[in-house]
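*Asks:* I'll drop the sequence and a predicted model, then ask my questions.
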Amino acid sequence: MVHGNDDTGPPLAVPGCWRATWWSLLVIGASSGACQKSDDRPPLAGDAVGEAKNDKPRPDETDDDLLVEDTESFNCGETSIELPVKRPSFYFVLDASESMLEVMTGTGGRTRFWGARTAIGTMLRAVGHRVNYGAAVFPEPHSDDACSAGAEVYSLRPGLRNEADAASNPQLDGLEFALRKITPTGATPISATLAGLHDHIVAMGERTHVFLLTDGAPNCGTNGGCGPSRCIPNIDGLRIQGGPDCDDSFNCCDTGWFPHLCLDDQIAALELEKLRDADVGAYVIGIPGSETYADVLDGLAAAAGTGVARDGGIGYYRVDDVEQLATTLTQLGQDAALTCELPLEMAPTSAAKVRVFADGSELLLDEEDGWHWLDETHVQLDGDACRNWKRGDWDNLRIVEGCDSFVR
């Protein structure tokens with residue numbers, strides 16, 4: 001089941017319907033129709049969401065997913081301290097180009113952008129309380145420049161648990177509201193966006209993962225033009241409204257027309273390689289509409305070093321509808337969040353006094369189905385303990401220093 005907000009307005013009447021921008025000069029076939037803007041609106045005041053509530057949470061609002069609040073019977077007569085586990089950080093870099101206004105399969109007539117942000121919400125409802133998360137969109141949503149580098153719309157912050165009796169989840173509500181405010185427009189400046197966000201992403205530290213969602217291929221890399229084989233309007237078989245077709249006889253990426261719509265995959269690949277070299281995992285996810293550029297997206301996935309094994313190499317994650325997108329994102333999120341190697345934010349004073357609890361039950365040190373030290377700041381779950389954690393059988397892990405580790 002895909003969860004999402006149902007207050008989005010009616011979808012576009014036809015795939016070739018664009019708002020009056022530079023893209024409106026290019027149409028697909030002879031289709032016509034009127035665009036209808038989203039009627040997304042801020043939530044009710046009781047939802048505690050909006051611009052004023054989009055700040056980082058107060059310390060008492062955080063909910064560290066790997067710590068059990070109830071210490072159960074743990075008491076060894078000594079002062080104990082928590083050893084927090086470093087959360088993974090999930091950063092969504094989402095295509096908000098004008099083509100994201102087209103209808104997405106499986107959404108009941110809603111747009112690709114609606115489908116993408118809804119699938120992100122589905123994933124974070126499953127794993128969001130275990131991770132930090134934030135998001136950026138491209139191009140920059142408030143710029144008149146169709147090729148402006150993307151910008152952050154929701155800063156990184158710790159996710160909160162979905163409490164059954166709570167009316168809302170402030171962190172997730174905040175992200176979803178930030179994305180609902182976006183009206184897709186412009187082109188696909190993936191390279192410039194990744195370059196601009198590089199240092200910001202790397203500073204998020206160990207266990208950072210980028211999820212790049214797009215319905216096309218990177219462009220906006222040059223104003224010098226390119227040949228028809230690398231011109232996106234020509235590849236897509238578009239035509240200039242009131243003018244010639246973009247085909248072998250007319251290059252729509254000549255300098256006098258749309259040179260910024262040349263493919264920019266080589267620079268985008270270099271930016272993904274830079275993230276890989278900085279130990280940031282980046283996942284390239286092609287949503288419906290991107291099929292024409294499968295080879296391009298496979299190249300980006302290979303540069304990122306993460307993806308699907310395909311023909312002896314690495315390929316991007318291709319999805320055909322919104323349900324598959326939600327499933328793919330959720331599986332990637334679970335794989336990234338539920339790892340058996342747990343990095344600690346600080347080393348213990350005495351490793352011999354560290355104990356590990358799963359939902360209140362102690363795991364045994366150096367046992368087949370328990371845990372062991374990898375180094376002074378990394379704990380490794382073993383055997384059934386690892387399998388249970390990765391399956392999601394346990395909701396919380398708690399690592400405490402204060403008593404001698406229990407060894408059978």
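*Replies:* Perfect, I can see it now. This is a predicted model, so every value here is computed, not measured.
*Asks:* could you find the closest non-adjacent residue to residue 217?
*Replies:* Nearest non-adjacent residue to residue 217, counting by Cβ to Cβ, 6 or more residues apart in numbering: residue 293, 3.9 Å away. The way it works is simple: take the backbone N, C-alpha and C, and place the C-beta from them, glycine included.
*Asks:* excluding residues flanking it in the chain, which one is nearest residue 202?
*Replies:* Distances taken as Cβ to Cβ, 6+ apart place residue 278 nearest to residue 202, at 4.6 Å, with adjacent residues excluded.
*Asks:* do the same with residue 149
*Replies:* Leaving aside its sequence neighbours, residue 149 sits nearest to residue 192 (Cβ to Cβ, 6+ apart; 3.8 Å).
*Asks:* so how far is the first residue of stretch 178-196 from its last?
*Replies:* End-to-end distance for stretch 178-196: 20 Å, by Cα to Cα, to the nearest Å.
*Asks:* domains of the chain?
*Replies:* What the record gives for the chain is the domain set 22-41+86-219+264-337, 66-85+339-408, 222-258, from automatic domain parsing.
*Asks:* need those in a markdown table with mean neighbour count and mean pLDDT, can you?
*Replies:* Below are the domains of the chain laid out as a markdown table (neighbours: other Cβ atoms under 10 Å; pLDDT from 0 to 100):
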| stretch | mean neighbour count | mean pLDDT |
| --- | --- | --- |
| domain 22-41+86-219+264-337 | 20 | 90 |
| domain 66-85+339-408 | 16 | 82 |
| domain 222-258 | 17 | 91 |
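*Asks:* next one: the residue nearest to residue 202 relative to residue 99, how far apart?
*Replies:* Distance, residue 278 to residue 99, by Cβ to Cβ, to the nearest Å: 30 Å.
*Asks:* now residue 291: phi and psi?
*Replies:* Main-chain dihedrals, residue 291, degrees, to the nearest 10: phi -60, psi -40.
*Asks:* wait, doesn't it sit right on residue 318?
*Replies:* Yes - assessed by Cβ atoms under 8 Å, residue 291 is found in contact with residue 318 at 7.4 Å.
*Asks:* the helices in the stretch 201-350 of the chain, which residues?
*Replies:* Secondary structure of the stretch 201-350 of the chain (DSSP state H, counting those that start in this stretch): helices at 232-235, 265-277, 294-304, 322-337.
*Asks:* could I get those as a markdown table with distance to residue 170?
*Replies:* Shown next, in a markdown table, are those (distance: least, Cβ to Cβ, whole Å):
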| stretch | distance to residue 170 |
| --- | --- |
| helix 232-235 | 40 |
| helix 265-277 | 29 |
| helix 294-304 | 32 |
| helix 322-337 | 20 |
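*Asks:* any idea how far the nearest residue to residue 138 once chain neighbours are set aside is from residue 243?
*Replies:* Leaving aside its sequence neighbours, residue 138 sits nearest to residue 150 (Cβ to Cβ, 6+ apart; 2.8 Å). Separation of residue 150 from residue 243 (Cβ to Cβ): 30 Å.
*Asks:* returning to that earlier point: which of the helices of the stretch 201-350 of the chain sits closest to residue 400?
*Replies:* Of all these, it is helix 322-337 that lies closest to residue 400, at 21.4 Å by Cβ to Cβ.
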